[in-house]
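S.K.: Predicted model and sequence below, questions to follow.
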Amino acid sequence: MTTTTSTGATASTAPAADARTLGLAHYAARGVLEHVLARHGVTFQQQIALRAAVTAGGPQTGDELVAQVRASLKADPAGIRVTLDELLAARLLAEDGAHLRPTDAGHGLLAAVGAETAPFSARIWSGIPAEDLAVAGRVLALVTERAEAELAALAA
């Protein structure tokens, strides 16, 4: 694997991927996102729940949204329900009978956050060769599959 350093130099050796390097990458990127979210008064979990509602393709029940967020974050359903209540109180989600739907303000918030994070994402991902991204994608998909199997076994 070839990596580019912050000075633009290329290094042919990189640490082997493991749980620690995966975690460090995740939390570094999440830190950038959370910095932007904080300016909007929104938490990471609220953003994930709102994104789930926006990308669902139509209104979903609270239970359906809880299941989607839980699948992404592996978070406690009770905490996710609190998050949905917070989004309702902030008028980023609205009740539509038994369903929840994102409001115009919810759509606007996600658009604003996306616009603000786009330059950071471009700099973070720029210069990584497509073949490296493809390999990383395959490895991360396999790690996710195996970790989800382990979680399922733990829950059984």
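M.R.: Received, thanks. The shown structure was predicted, so the numbers you read here are calculated from the model rather than taken from an experiment. Numbers count the residues shown, from 1 in each chain.

S.K.: CA only for contacts and neighbour counts going forward, please
M.R.: Fine.

S.K.: for this structure, what spans make up the helices?
M.R.: Using DSSP state H, the helices of the chain run over residues 19-39, 44-55, 62-73, 77-89, 104-125, 130-155.

S.K.: Quick one: mean pLDDT over the last one.
M.R.: On average, the pLDDT along helix 130-155 is 95.

S.K.: Check the fifth one too.
M.R.: Computed over helix 104-125, the mean pLDDT rounds to 97.

S.K.: Also the fourth one?
M.R.: Per-region confidence: helix 77-89 scores 98 on mean pLDDT.

S.K.: Are there helices or strands packed against it, and which ones?
M.R.: Counting contacts by 3 or more C-alpha pairs under 8 Å, 6 or more residues apart in numbering; DSSP states H and E, helix 77-89 packs against helix 44-55, helix 62-73, strand 93-96.

S.K.: Tell me, how many residues neighbour residue 87?
M.R.: 21 (other C-alpha atoms under 10 Å).

S.K.: For residue 54, see how far away it is.
M.R.: Here residue 87 is placed at a distance of 12 Å from residue 54 (C-alpha to C-alpha, to the nearest Å).

S.K.: got the helices of the chain as JSON lines, with distance to residue 98 columns?
M.R.: Shown next, in JSON lines, are the helices of the chain (distance: least, C-alpha to C-alpha, whole Å):
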{"stretch": "helix 19-39", "distance to residue 98": "28"}
{"stretch": "helix 44-55", "distance to residue 98": "14"}
{"stretch": "helix 62-73", "distance to residue 98": "8"}
{"stretch": "helix 77-89", "distance to residue 98": "13"}
{"stretch": "helix 104-125", "distance to residue 98": "19"}
{"stretch": "helix 130-155", "distance to residue 98": "29"}
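
S.K.: quick one, which of those helices is packed in tightest?
M.R.: Most buried of the helices of the chain, by mean neighbour count (mean count of other C-alpha atoms under 10 Å): helix 44-55, with a mean of 19.

S.K.: quick check: angle from it to helix 62-73?
M.R.: 120 degrees (axes from the mean of the first three to the mean of the last three C-alpha atoms, to 10 degrees).

S.K.: Alpha carbons of helix 44-55, in PDB - could you do that?
M.R.: Output in PDB follows, covering the C-alpha atoms of helix 44-55 (Å, rounded to 0.1, in the frame of the first residue of the first chain):
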ATOM      1  CA  PHE A  44     -23.500  12.400  16.200                       C
ATOM      2  CA  GLN A  45     -26.400  10.000  17.100                       C
ATOM      3  CA  GLN A  46     -29.000  12.600  16.200                       C
ATOM      4  CA  GLN A  47     -27.300  13.100  12.800                       C
ATOM      5  CA  ILE A  48     -27.300   9.400  12.100                       C
ATOM      6  CA  ALA A  49     -31.000   9.000  13.100                       C
ATOM      7  CA  LEU A  50     -32.000  12.000  11.000                       C
ATOM      8  CA  ARG A  51     -30.000  10.700   8.000                       C
ATOM      9  CA  ALA A  52     -31.700   7.300   8.400                       C
ATOM     10  CA  ALA A  53     -35.100   9.100   8.200                       C
ATOM     11  CA  VAL A  54     -34.100  11.200   5.200                       C
ATOM     12  CA  THR A  55     -32.700   8.300   3.200                       C
END
